[in-house]
Each structure stands twice: as C-alpha cells, then as structure tokens.
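S.K.: Pasted the sequence and its predicted model underneath.
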Amino acid sequence: MSARRHEPVEIVTIGGGMTASVLASQILPDTSVRMVSLEQGPAQWTYPDFAHNHDSLRYNNRFAMMQDLSRTSWTWRPNADAPTLPFRQYGSFHPGQGLGGSMVHWTALTWRFLPDHFRFRSVNVERYGADRIPEEMDARDWPVTYEELEPYYDKVEYDIGVSGLAGNLGGRIVEGGNPFEGPRRRPYPNPPLAPMAFGELFTEASRDLGLHPFPTPAGILSRGWTDPYGNTRAGCLYCGFCTRYGCEVGAKASPLTTWLPPALATGRYEVRTRCRALEIETADDGRATGVRYVDARGTEHFQPAEIVVCAAFTLENVRMLLLSRGGAHPDGIGNDRGMVGRNYTYQLDQAPAKGLWEGRKFNFYMGNGCTNAQVWDFNADNFDHSDVDFVGGARIQCEGGQREPISSSDQLLDGLLNDGARQWGAAWKAELGRSWDSVGHLEIEGESPAYHGNFMDLDPTYKDEWGLPMLRITFDWRENERNLYRYVAARCGEIVQAMGADRTDVTEELAPYRIDEYQSTHPNGGAIMGFSPGDSVTNSYGQVWDTPNVFVTGAALFPQNPGANPTGTVGALAMRTAEAIRDRYLAAPGELL
Amino acid sequence: MTADPTAAQPHELSRRSLLKTLPIVGGAAALAACTPTDTGRRAPQDVSAPERSPGLPHETPAPGRYRFLTEEEARTLEAAVARIAPGDEADPGAVQMGVATYIDGKLADHEAFAEPTYHRGPFAEGYDTDPGEVPADAVPVATDQLYRYGHQDRLTPQETYRRGLAALDRYAQTRFGTLFADLPTDRQDEILVVLDDHLSRSEQAEETSVGASGDSGGAVEEAGGQQIVTPPDVLDQAEDVFGDVHPGNFFATLRTDTIEGMFADPLYGGNVGMAGWALVGWPAAQRSYSPAEMLHGTRKTPQPMHDLPAMNPDRPGGGRPAIEQHQHGVTRP
Ligand code: SF4
C-alpha cells in the first residue's frame, strides 16, 4: 500500500486527548523531542467552538461532542453464549472525539483512588480470608501503590486547579472533607464549588445519620486561577450546560485549557485532526516502527516514530493493540500471552433512590455535575464487610445540577405518580409542570471487579467504515454487584427518607446490564498493568511487555475499577509515564523497571 | 429569531481583539464568515461549531408547513402527540407547542438519523422459542432479551414514521373501525395504552416476565416499570397489525420526540412561544448563575438560544490567549 510517509518523530500517539497532551506538555519543553498526535475528531477551541453551545438538543441529546457512531462503534453481548449486536446509538457510555478528547465534555469529578484500592486483593484476603473473593472474580493488586502515585496526583490537581476540601492532610483528618481519602501533601489548590440547595439538604440529612458528607472535588475552577504553565482561567459561571458540552470560559479543565498551550508552544508538537489510526506497524524484530492512518479524504499516511503510544479512549486502545498483527505479533501487540482484552470492567453507576418534595424548588438546572455533596462511608472497605455478602463498595452522591428538560423528563416521574398514572397524558404533564424542579435523585458509583467472563476481543462480524473489525465487549453484572447494589440502595433509601421527601421511589434490585441506558463513560481494563508478563499487558508505566517501545495510557491499564471516576488516576499515571519516558527511556530505550 | 448563527450579536463579537489566527475549519459558511474587516481585524466567526454534527436545522420550520409528512400523516401525528401531552390555549400542550412541526423538521433534515447511529447489518430479529425461526441474514435474539441491546431497528426514522403512522391508523381501524385522528380521545388513549404496555412487556426480561400481565392487581413493578393492564392476546394482535414496526418502540419514539419538541429551542420548530420552558419553569440557556441563585432561585426568564450573546474571549487578567483559540500545530491533512 502506498501510504504517504512522514518525517520520523520520536513519539507518535494514537489519540489527541488528555493523556497525549499530558505527555506532550511534560516531555517536550525540556527536550528536543518531536511528537505527533493523530486525532479522529475536529479541532476545537474554547473560542469560537464553545462560545454558543447552550443547545441541549444538539449537545446533550444528539451527542455532538461524541464519536461518530455512523462510522464506527462497538459490539456487545452479555456473555459468551449470547448473541452479539452493535451499539447502534449512544447509551451506556459516551467517548468523545475532537481535540482534547473526552476530557473536554467530562463532568470533572476528580478523585484519587484510595490506598486500599491499589491493594484490592490483599486487603480483602487479609481482612476477610481468601474465600471471600468469588471464584469467578479476578481480584488484583495494582503494581503501583497510592504512596508512589501521590506526587503525581498532586501534580494533576495543581495543573488543572481542582476545587475541593481536603479530608486528610498528611494523616490529619480535616473536618468537612472526605475522611476516608489517603493522606495528601497539601490542600486542593482551590476551595470547593458553590453548593446547591439539594446538596445542602443531603449534607444535613446524611450527617444526622452519622455519615461523613463532603463537597465533590471538581476539575472546575471555583475562582479565577493561573496555572503553573501561565494559563489564566476564569472561575465557573454555574451555567448549567456542563457535561457533554465544552466550557465556554475554560473554567472546566481540559487539555485545551491546560496542557495543549505549553505543548504547542514548543513548536515540536503537531496534532493532526480528522485522522484515524489503522494499525501500529512493527519490524521483523517485533518493535513498533510507527502508525499507519487515514485522513479525512481517505488518503493513507505512515508516521514513523521511535515510540508509539496508545493514548485514545480505553476501547480504541485495546482495539489498536488487537488490530496490529505484524509478523512477530500474530495475535496483536501485547497479546503474546492472550492478555489483551481481559479484565474489562465498568462501573456500577445507578440512581437507586429518588424523592419528590412537593412545592420545593431546588434549581437543579443551574450548576454542574460537581455542585453536589457525597459520602464515601460505603465505598471500598471503608465499612466492615464481615457480615455482608460482597466485596467492595460504592460512593453515594446526591444529584448535582445541569438538569435540562429534554433528557430529564423521560424518566423523572417514574415511580412517583399516583394511582398508577402513565408517564404521558394529562396527569403526567401536569405533574411534570409542578414538579420538574422538585424531584431529586441519589446516585451511586460502585466498584466493578474483573471477571474471567467479562472481556473484549475483535468482533467476527461487524466492521467499521474502513473495513476493520469493531471491538466486541462481553460483559454483564454478576452476583457481587447485585449484592453490593442491594446493600447500597438500601442506604440510599434511608438517606432519602431522612431528607424528608414527600414521595420516594427506591429501586431495590440491580437490573441486568443494558447498553441503551447511560451509566458512565468509564469502561476500563483490557490492557492492564501488572507485575510480570504472564499476568498483564504492561508494566506499571503502561509499557507493553512484549513490545517495549509501545506504551498504553488511560483507564485500559486499570486491573479493576474502584467506585470513583477514573480521570484523576488516568492523569497521575500519565504524569508518571511521561516522567519515565523523559528522564529514563529516551536516554536508554528499553524496559523501564 | 434567526436561523443564521453567524448573524448573532455582531457588535458583541467585533469587540474581540485577541483573535490573531484563522481557525482551520470546514464548511463554506464558516470560511465565508472569516473575512477580514476594514480595521484589519477578523469578522465574527461562526460560533456554531460547524465541524460538529449534527448541526443546526437547515431552515427554521414553519408551523403547519410540512416538509416530510403528508397532510394525512401530520393529522395522525398531531392526534397522537395531543394525547401524550394534552393541552389547550390556556395550558399549551404538544399541539399548541408545535411538536408535529418539530418532528417533521427532524425527519426532513435528517434523511437517516438525527443522532450518530451505526446502521450497518446484520440486524437483529427476535424469536420466542426457536432461533431457527429467524431469517438467515439476521441475528437471532430471544425476544425478552432484545431490549437490553437498545436501538436495533432496521428502519430509519423516516421509514418508522411513514409506516408507524399508517400502522396506527390500521390498528385504529381494526379496533374501532375508524382512523386514529377521528376517534374520541378516550379511544385514542386506549390505543396508546396498548402500545405503551407493549413497550413495557418488551422490557421485562425473565424474572418479571409476562406472567404479571393481564392481572392489573398483581403486576410487578420493576426498575421503574409500570403496570401492564393489556391482556397478552391484545398485545400480540397489535404486533400483528403493526407488521415491521415494533408497536412499543414506535410509542417510545413518539413520546421521546414529543418531549424534544416541547423543550428544544424554538429554532427547531417546536416549543412555540417557549411554552415548554414555561411549563416546567426552566429559564433555558443562560450565561451564568450566582451562588446565591443556586441556593435561592432566580428571576431570570427564558430567551431563545440565539438571543444569548456568544461568549467572547475578552476577559480581564492578561494570561495567555493560548487557552482559548486556535494554536499553530493543530493541522488537518
Ligand atoms: S457549569 Fe461552569 S465549568 Fe461547567 S460549562 Fe458552565 S461555566 Fe463551565
């Protein structure tokens, strides 16, 4: 094939999103390295692209920021014996496209995982015995500890200007913060976002129940802020059009606000937009030589590089490894022991309880997804699991803001209408008019452990626009999640009662997984990091065991998924990888130990 | 109101002084908007993110002038959405809000789908007991599992409406001997209840199953589901009459599109007079709310999206303009 061959560079990344911009901003300024990123979506900037994007139909309901499913999608089946069908429209998750990637439209909850999360297997075995881990579960420790990652978490938080209240300063528990978090070296750079009325109600009620509510830490500025790179950013306007939109003032952190400016200022970073990677090419000795890709006009290109980084969304990273089957890698890069695609995990994001407060207005349409409060009393091993029938836990949060009527009206009144009235007709419409701003939800985000039966591979049937197989996801909830859900849903029921709702509805049991309902954009795993080549795809730097000049960044590396949004940890891991490449790999290419 | 976003607020935009570089954008409209003015600065850019699809409507739909639907189809559609969100002049519902015009615009503007949709085969076909019933070119899926896969329809929305509205009339004829729009409202409701129950039945997998249907006292409420009052044989009959349109999914489409037409910006043809926003008390697109407003409410009133000034990058504090606008190094081969 006569692909147009480009000048070689040191680093090429598949994807022009968060982790690519982290690598570029950390590696390029103090070196002479040249880096190219291939981005499937368009260029986009705070101005003019987000200057007038408060169109909830276009962005929230027609998914203008997301990958174009008409060209490529994913397929799913609940188990290996069930039929497979494609995700034909958006539901379960929303990977974005365009410069900056999914971190442009994110909700911006910014967590550190807990020290226990990194020792998931050990913690449960030590405290409850090895037989507490179900046989079907592949519970793991991470090859990196909280203490090792702490400096990188700190760096990410100060780069993006996280707004929050510390709960554990160097081992000292701080009133009002998350008392369960690992020790941090210093407070968050900015105070918490302004609270909303529903969050105040939740905070009071959960405190009365003996829980420990705290304001959600956000990658959104609560005040004007100049970051370490000299980017000056405005504080949040609480505009109410946040998740699934780009922020029109740059208050919500993204690669556009933070890492792209210093990276592009070097003059040695190029992002090629509307370019889709087809394959990582390899030499006879198995090393990667660069990336073959196609541009918007259908012209093929080849970008030679010394290092190839899979820096796209989790699912595309896994697919790229599987699609790259050069001579030495008949089953794909990183897959010499059949590990690519394993440990696919998701997240138990549900809204188990809701209430209707008659005559009360909460202004849910203001603010954003982080102007709320939450409790971590039932997350991870923060509570005694001796007498429960599951491992792991979930965080519980009250609904935040950014409600808009198109998406919210669909299910808002489910379970709340009197006398079995239907979710349409005069009674529905009248109640919607009365109570649109009076119904609030309690939401959970729970752990998703890995199972031998949940995995990804290449779909044998469905192809994308370029004739390449799409990625097939085999996934369903299992006993541990159903038991965990039942327990946490009951806690949500208690809190919503304590909040004094006039009418409540609690969904007590976890329904089977379905792909048409949005849960979270946190599909994880598939190229997990581990301790040795036999048990994982990469080492703790995301360096692929069987092809050491290929790196993977992002949540594909997570051995299993804790009950917390991944972005903070994705950023910390990328910072650590960037440092290792810059300070060690470039001088002496080879396996990073 | 204007359908042309580039025309919005020229005075607001011409104050910008930081714009040094042209963005690389596609689309003639955007390029045309980027011509230098006589001051040497750049004219307003297209702030509608033209490279993003779906875009804005091709034209602002006009009430009563249908571009895709026939008069007959529009009459049936109006009758149906009138039952989903009933209203009158004093308390506007779907008809008064122009929901049918909205739906017509959506169908006319998008030959295929208004949202990104993977539409390559093979497509799914449900079976009750034997996967062998399903044609060889389809993927057999147990009928009670199909809902878990979400949208799997072979039909485009245009086809769904064309056939679905005809099926609604056929079904009205079968049940009551007349077209849907000519039935009294309680009869229309009876028909929509059947479709709604058909939807509920198709979303109840193994555990709850159809055992609860027909027994209005004992129906199980599962995951926000509602009681099924229609006997199974009536649901089966509806399925037969509807043919290749899934009655429950067609109802779900009608309801979803009604909600969109009630609450989307008037630019899209529905929400006439912003009556949908008034119904729920939403001030719609605003630039900002204060912390005090978040706790205590606001006096802000709704306005159409394009009456809102575009956010511009002139802001105090110095700093690099870098974070806001096009940078060298981002290319499109
Ligand atoms: S809510 Fe705040 S952070 Fe989110 S888009 Fe609006 S101004 Fe930006």
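M.R.: Okay, I see it.
S.K.: Please enumerate the strands of chain B.
M.R.: For chain B, the strands identified by DSSP state E occupy B:124-127, B:139-142, B:330-331, in order along the chain.
S.K.: and A:N565, which of the ones you listed is closest to it?
M.R.: Taking CB to CB, strand B:330-331 is the member of the strands of chain B nearest to A:N565, at 27.3 Å. All C-beta spots, glycine's among them, are computed from the backbone N, C-alpha and C.
S.K.: Is the closest one in proximity to chain A?
M.R.: Yes: shown here: strand B:330-331 in contact with chain A (CB under 8 Å from any CB of the partner chain) through B:V330, B:T331.
S.K.: what lines up beside that strand in the sheet?
M.R.: Based on DSSP bridges, the strands next to strand B:330-331 in the sheet, each with its direction, are strand A:269-272 (parallel).
S.K.: re the thing from before, adding mean pLDDT and distance to A:G171, write the strands of chain B out as JSON lines.
M.R.: Rendered in JSON lines, the data for the strands of chain B read as follows (pLDDT from 0 to 100; distance: least, CB to CB, whole Å):
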{"stretch": "strand B:124-127", "mean pLDDT": "94", "distance to A:G171": "55"}
{"stretch": "strand B:139-142", "mean pLDDT": "97", "distance to A:G171": "54"}
{"stretch": "strand B:330-331", "mean pLDDT": "88", "distance to A:G171": "44"}
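S.K.: For A:H212, give its distance to the ligand.
M.R.: To the ligand, A:H212 is 26 Å away according to CB to the nearest ligand atom, to the nearest Å.
S.K.: gap between the two ends of stretch A:398-406?
M.R.: End-to-end span of stretch A:398-406 (CA to CA, to the nearest Å): 21 Å.
S.K.: And the ligand, is it touching that?
M.R.: No: with CB under 6 Å from any ligand atom as the measure, stretch A:398-406 is seen stopping short of the ligand, the closest distance being 6.8 Å.
S.K.: Do a quick rundown of the helices in the chain.
M.R.: All of this is about chain A. A:18-27, A:56, A:120-128, A:146-160, A:197-208, A:260-265, A:314-323, A:405-409, A:426-435, A:479-498, A:567-580 (DSSP state H).
S.K.: Chain B, not that one
M.R.: B:10-14, B:28-32, B:71-84, B:99-109, B:157-176, B:185-202, B:232-242, B:247-263, B:275-280, B:291-296.
S.K.: Ok, which of those helices comes nearest A:P562?
M.R.: Closest approach to A:P562 among those is made by helix B:291-296 (29.6 Å; CB to CB).
S.K.: Report the mean per-residue pLDDT for the closest one.
M.R.: Within the predicted structure, the mean pLDDT of helix B:291-296 is 98.
S.K.: for stretch A:227-235, same thing?
M.R.: In this model, stretch A:227-235 carries a mean pLDDT of 93.
S.K.: residues contacting the closest residue to the ligand within the stretch 101-250 of chain B?
M.R.: Among the residues of the stretch 101-250 of chain B, B:E115 lies nearest to the ligand; the distance is 21.4 Å by CB to the nearest ligand atom. Residues counted as contacts of B:E115 (CB atoms under 8 Å, 6 or more residues apart in numbering or on different chains) are A:N61, A:R62, A:F63, A:Q89, A:Y90, B:P54.
S.K.: Kindly report the same for A:R482.
M.R.: Contacts for A:R482 (CB under 8 Å, 6+ apart) come out as A:E509, A:L510.
S.K.: separation between it and A:Q350?
M.R.: A:R482 sits 11 Å away from A:Q350, going by CB to CB, to the nearest Å.
S.K.: if I look at the residue of the stretch 401-550 of chain A found nearest the ligand, how far off is A:W545?
M.R.: When distances are taken as CB to the nearest ligand atom, the stretch 401-550 of chain A reaches nearest to the ligand at A:Q402, 6.8 Å away. Counting by CB to CB, the gap between A:Q402 and A:W545 amounts to 42 Å.
S.K.: more crowded one of these two?
M.R.: Neighbours of A:Q402 and A:W545, each counted by other CB atoms under 10 Å in any protein chain shown, are more numerous for A:Q402; the result is 25 against 21.
S.K.: circling back to that earlier point, of all the helices of chain B, which one is nearest A:P559?
M.R.: Closest to A:P559 of the helices of chain B is helix B:185-202 (CB to CB; 37.2 Å).
S.K.: Only the buried residues of that closest one, if you could.
M.R.: Burial within helix B:185-202, assessed by neighbour count using 16 or more other CB atoms under 10 Å in any protein chain shown, is assigned to B:188-189, B:191-202.
S.K.: what does stretch A:577-593 give?
M.R.: A:T577, A:A578, A:E579, A:A580, A:I581, A:R582, A:Y585, A:L586, A:L592.
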